[in-house]
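Enquirer: Pasting the sequence and the predicted coordinates here, then a few questions.
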Amino acid sequence: MSLFEELLRFDADLATLEADAVVRYGPEARAARAEHPDSGVPEDVLTVGLVGGTGVGKSTIVNALAGLDVSRSSARRPTTDRAIPYVHRDRAELLDRMGFIREHLSEARTLHDVDALRSLVLFDLPDIDSIAEGHGRLVEEAMRGLDLVVWVTSLTKYGDRLLLEWIARHGRHLDRDNAVFVVNKIDQIDDADPDAAVATLERRFRGLVAEALGSSDDAGDDLAVFLVAARDRAGGGANDFPAFARHLFRERDDRELARIKSSNRLADAERRLIHLRGALDLDRRTARIDEEVAVAREALTRELDDHRVSRELDRVLETSPVPGRLADLHYRRSLAGWPLLSHLSFLASPFRRLVVLLRQLHRLTGLEEADLRPEREEVSPLIEALEAVQHARRRHRSRRASLELEAGFAGREREVLQKDLQRFQNECDLALEGALDEERRVGAPSGRIPAWRRAVIWAPLAWFPFLQPLVLELLEPGDGSASLLRRLGARVAQIAGATHLLVSLLFVLLVYLGVLLVLRAAAFARARRQCRRHLESSSWRTFVQRRLERLALEDLDAEAGRLRAEAERLDDLETRRRGLQARIEG
């Protein structure tokens, strides 16, 4: 990408940022910009305009530069009604392609054959202090396409306020290296020591111009200032006219030509960036957003300390599915530590489904009662807390009318707040489940089954079907009709019977069901203790407060994000401008 193409893209991005700033902050965010139209002028041709007031000798300077009568000079002022061009005969067709000035050109186009001026197109512009309507506007429009501007004044008008105002208003759009300042008619100095008078005049004029350009602490030593007597083009003494002519006519290589044509745009872009940064005033806006955020956080902390809000949070989290999921996990892991029970967990499944159905029915019943009694419906304490924060913010902003925050804050409707709180509850569920992951991993079974658990499980299987009948037979005294061996054999036969096996199976299942229900109840109790312990921790309160702050301050967060994005765009444009400046200077 060429330097000029990159400069055009940079200018377009800057204009986009200015347009966005105008939409948000008003027209004062846009700086008065110098238009740089694509004039169709070749890269090796420079456009030069003479800008000055009435009677300062602009036309005389043009005539002196050309050695011909290019512009009319007369005691009747103003004598230049339109822009008078002075162009080499081989470049005459360029005048028809210069859109920035074409409609303001004089019909008398002056052509010449001076080779020293082949790469320059000179324009003698109307007087900036002319009383004729439209002259000032014509000069302003013509300056849009000038590569070099020659500011012309005279011995008696070098301190003229109007000229300095023009330099301040339009000179800052240009690179200082692309401006030439000429004080004409110094041959009219009447002083015993003319050289000292000229030196004093130059020093004063440099200081005035430097101040007009915004460099009050600069003496203007780097400015191209020439004190001339244009009617004496040969020069001599304090007359710098020959040096002035050489400065304009000197041979310039391609790099310098590119610098001249690009630096005006870049200088104007730098000024616009400075103005935009000042208009956006990002530091002040960010500080005031931080102040309002602090007020809202204080109000929210105060509301969270309300016991009603605490109870509401407890209610929200009690209805969360997380404790149930955690209890199921504990239940499944506890079964892995018991022999056989992991294969019999289905025994408690119907009871679990029944509990879930009862809970759902209770919730539905509660909703129906709320619908039947709308006049008694109470507003959620959480909604009241958020509305209290909004009210505190509005009151704070009314006390500080100069806050000028563009993030227009408006209280949300309660329906929207209800949706926000539902989202908040979902986030709480996810956060609670994530926070308990570590405890889940710590609570994993070791794989070893204690002996007492084996005894609890295998005892019913051995006792009622087998051991209990045999022990009973051994303990009961016989009637003497049969031996102990015969009685034990009869009891074993009875044990093998279908009825006894069925009764034994039902007994074992009832025992195991009781064990499963006890384990499930223990798992739910453990899950509730874990959740309650976590919900009472400071980390959980911090999490809740941050999430509620995000709900209450999302407009300010969005505004802060926009400010950060604007700062990044400004910094990026400034970095690109410096890169372009380095390419131009390199």
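Expert: That came through fine.

Enquirer: Strands of the chain, residue ranges please.
Expert: Assigned by DSSP state E, the chain shows strands spanning 46-52, 84-88, 110-112, 120-124, 148-154, 179-184, 224-227.

Enquirer: Pick out the shakiest of these, pLDDT-wise.
Expert: Ranked by mean pLDDT, these bottom out at strand 110-112, with a mean of 79.

Enquirer: what's it packed up against?
Expert: Strand 110-112 is packed against strand 84-88, with contacts defined by 3 or more C-beta pairs under 8 Å, 6 or more residues apart in numbering; DSSP states H and E. (Glycine included, C-beta is placed from N, CA and C.)

Enquirer: if we can go back for a sec, of the strands of the chain, give the one that comes closest to Val198.
Expert: The closest of the strands of the chain to Val198 is strand 224-227. By C-beta to C-beta, the value is 5.8 Å.

Enquirer: ok, and for that closest one, which residues are buried?
Expert: Ala224, Val225, Phe226, Leu227 (16 or more other C-beta atoms under 10 Å).

Enquirer: And the residue nearest the centre of the protein?
Expert: In the chain, the centroid-proximal residue (C-alpha atoms, centre = their mean) is Ala565; its distance is 2.1 Å.

Enquirer: What pLDDT is listed against it?
Expert: Reported pLDDT at Ala565 in the predicted model: 91.

Enquirer: For it, which residues are in contact?
Expert: With C-beta atoms under 8 Å, 6 or more residues apart in numbering as the criterion, no residue contacts Ala565.

Enquirer: re the thing from before, Throw the strands of the chain into JSON lines and include distance to Leu257, thanks.
Expert: As requested, the strands of the chain are exported to JSON lines (distance: least, C-beta to C-beta, whole Å):
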{"stretch": "strand 46-52", "distance to Leu257": "7"}
{"stretch": "strand 84-88", "distance to Leu257": "16"}
{"stretch": "strand 110-112", "distance to Leu257": "21"}
{"stretch": "strand 120-124", "distance to Leu257": "11"}
{"stretch": "strand 148-154", "distance to Leu257": "11"}
{"stretch": "strand 179-184", "distance to Leu257": "16"}
{"stretch": "strand 224-227", "distance to Leu257": "17"}
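
Enquirer: right, and the ones you listed - which one's nearest Trp540?
Expert: So among the strands of the chain, strand 179-184 is nearest, using C-beta to C-beta, at 66.8 Å.

Enquirer: Any idea how many residues pack against the closest residue in space to Phe100 that isn't next to it in sequence?
Expert: Excluding the flanking residues, the one nearest Phe100 by C-beta to C-beta, 6 or more residues apart in numbering is Gly145, at 3.3 Å. Per other C-beta atoms under 10 Å, the neighbour tally for Gly145 reads 23.

Enquirer: my guess is Gly145 contacts Val48, does it?
Expert: No - applying C-beta atoms under 8 Å, one finds Gly145 not in contact with Val48, separated by 11.1 Å.

Enquirer: Please enumerate the helices of the stretch 1-150 of the chain.
Expert: Assigned by DSSP state H, counting those that start in this stretch, the helices in the stretch 1-150 of the chain fall at 3-25, 58-66, 135-143.

Enquirer: Can you say which of those helices is packed in most?
Expert: The highest mean neighbour count among the helices of the stretch 1-150 of the chain, using mean count of other C-beta atoms under 10 Å, belongs to helix 58-66: a mean of 23.

Enquirer: Any stretches of the stretch 101-250 of the chain with poor pLDDT?
Expert: For the stretch 101-250 of the chain, applying pLDDT under 70 flags the ranges 108, 172-173, 216-218, 234-236.

Enquirer: The same query, at a cut-off of 80, please.
Expert: 101-104, 106-110, 112-117, 131-134, 141, 144-145, 170-175, 214-220, 233-237 (pLDDT under 80).

Enquirer: Output stretch 160-174 as PDB - backbone C-alpha positions only.
Expert: Extracted in PDB, the C-alpha atoms of stretch 160-174 (Å, rounded to 0.1, in the frame of the first residue of the first chain):
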ATOM      1  CA  ASP A 160      -2.900  42.900  11.600                       C
ATOM      2  CA  ARG A 161      -5.400  41.000  13.800                       C
ATOM      3  CA  LEU A 162      -7.300  39.600  10.800                       C
ATOM      4  CA  LEU A 163      -4.300  38.000   9.200                       C
ATOM      5  CA  LEU A 164      -3.200  36.400  12.500                       C
ATOM      6  CA  GLU A 165      -6.800  35.100  13.000                       C
ATOM      7  CA  TRP A 166      -6.600  33.500   9.500                       C
ATOM      8  CA  ILE A 167      -3.300  31.900  10.300                       C
ATOM      9  CA  ALA A 168      -4.700  30.600  13.600                       C
ATOM     10  CA  ARG A 169      -7.800  29.200  11.900                       C
ATOM     11  CA  HIS A 170      -6.300  27.800   8.700                       C
ATOM     12  CA  GLY A 171      -2.600  27.700   9.300                       C
ATOM     13  CA  ARG A 172      -2.900  24.900  11.800                       C
ATOM     14  CA  HIS A 173      -4.400  22.600   9.200                       C
ATOM     15  CA  LEU A 174      -1.000  22.800   7.400                       C
END
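
Enquirer: tell me which residues in it are buried?
Expert: In stretch 160-174, counting by 16+ other C-beta under 10 Å, buried: Asp160, Leu163, Leu164, Trp166, Ile167, His170, Gly171, Arg172, His173, Leu174.

Enquirer: give the contact list for the fourth one.
Expert: Right, the one you point to is Trp166. The neighbours of Trp166, taking C-beta under 8 Å, 6+ apart as the test, are Val51, Ile128, Trp151.

Enquirer: Good, wrapping up.
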